[in-house]
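S.K.: With the sequence up front, the predicted model follows.
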Amino acid sequence: MSTVTGQLRSTTIAGAIAAELRAEIAAGRIAPGEKLRQNELAARFGVSTTPVREAIAILRHEGLVRHSPQRGATVFAPSVAELREQYAIRTELEALAVRHAAGNFHENDAAPLQAIIDEMTQCTDPDRYVELNHQFHMGLYRLSGMEQLVELIDNLRGSSSAYLQIYATTSSPSPQLDDEHSRILEACKAGDAAAADKAMREHLQTSVQSILSTLPEDAAK
């Protein structure tokens, strides 16, 4: 086996392991706060620790796994209070970004964003849906021309991505969310900053309520 072939195979295995662990975390079969031990997972999946380590890295990037020097890799523990706080902060920043994006919007900006929305409405893969959602929002915010604001939003969205992963994995995304994306885009195409602000705030509030419906009862503690 060539080095490149070996790397591709390892990446494929890591992705499959990450997908299985992601589904188990979302379904609660792996408990919040539970430690992920590489040797145990390698034995369970019949692989070396290398793809397991890569799978855990994927889940850390998504926010579903947290790492600390004391405990190592542990499963993310969802919190209603944390979710509400993150979205409260995000709402103000993302509304600011979309207002400026609407003011800067040009006709040729619409097609790439509309293509993302079109794919989202047909998407049945939860991982791809989360990726497309991020592409739409960040693509829109970059049109604001405010680089520091965009970086702040990107970091905050990364911190709260685990909640969206749980939602997308455990339920089909609501058509309402896709409709709201379209309303946001239409407001920006019209150059209507106030309408874009309103549509974004309503969209993020809908997102919070949708995610809350999928969280375990003990997340409120």
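M.R.: Right, received. Where do you want to start? Numbers count the residues shown, from 1 in each chain.
S.K.: which parts of the strand or helix carrying residue 135 are buried?
M.R.: Assigned by DSSP states H and E, residue 135 falls within helix 126-142. Neighbour-count burial for helix 126-142 flags 126-127, 129-130, 132-137, 140-142 (criterion: 16 or more other Cβ atoms under 10 Å). Where you see a C-beta, it was placed from the backbone N, CA and C, and this is true even at glycine.
S.K.: from the chain's centre, how far out does stretch 108-117 sit?
M.R.: 20 Å (Cα atoms, centre = their mean, to the nearest Å).
S.K.: And stretch 49-58, by the same measure?
M.R.: Worked out by Cα atoms, centre = their mean, stretch 49-58 lies 19 Å from the chain centre.
S.K.: what's the answer for stretch 114-124, then?
M.R.: Remark: stretch 114-124 is offset 16 Å from the chain centroid, using Cα atoms, centre = their mean.
S.K.: Averaged pLDDT, that stretch. What do you get?
M.R.: Here stretch 114-124 scores 94 as its mean pLDDT.
S.K.: which other residues reach that stretch?
M.R.: 129, 132-133, 135-136, 139, 172-173, 175, 178, 181-182, 185 (Cβ atoms under 8 Å, 6 or more residues apart in numbering).
S.K.: ok, 10 Å please
M.R.: The contact list for stretch 114-124 (Cβ atoms under 10 Å, 6 or more residues apart in numbering) reads 128-137, 139-140, 168, 172-173, 175, 177-179, 181-182, 184-186, 189.
S.K.: Which residues are in contact with the residue nearest to the spatial centre of the chain?
M.R.: In the chain, the centroid-proximal residue (Cα atoms, centre = their mean) is residue 161; its distance is 3.6 Å. Each residue near residue 161 by Cβ under 10 Å, 6+ apart is listed here: 61-64, 130, 133-134.
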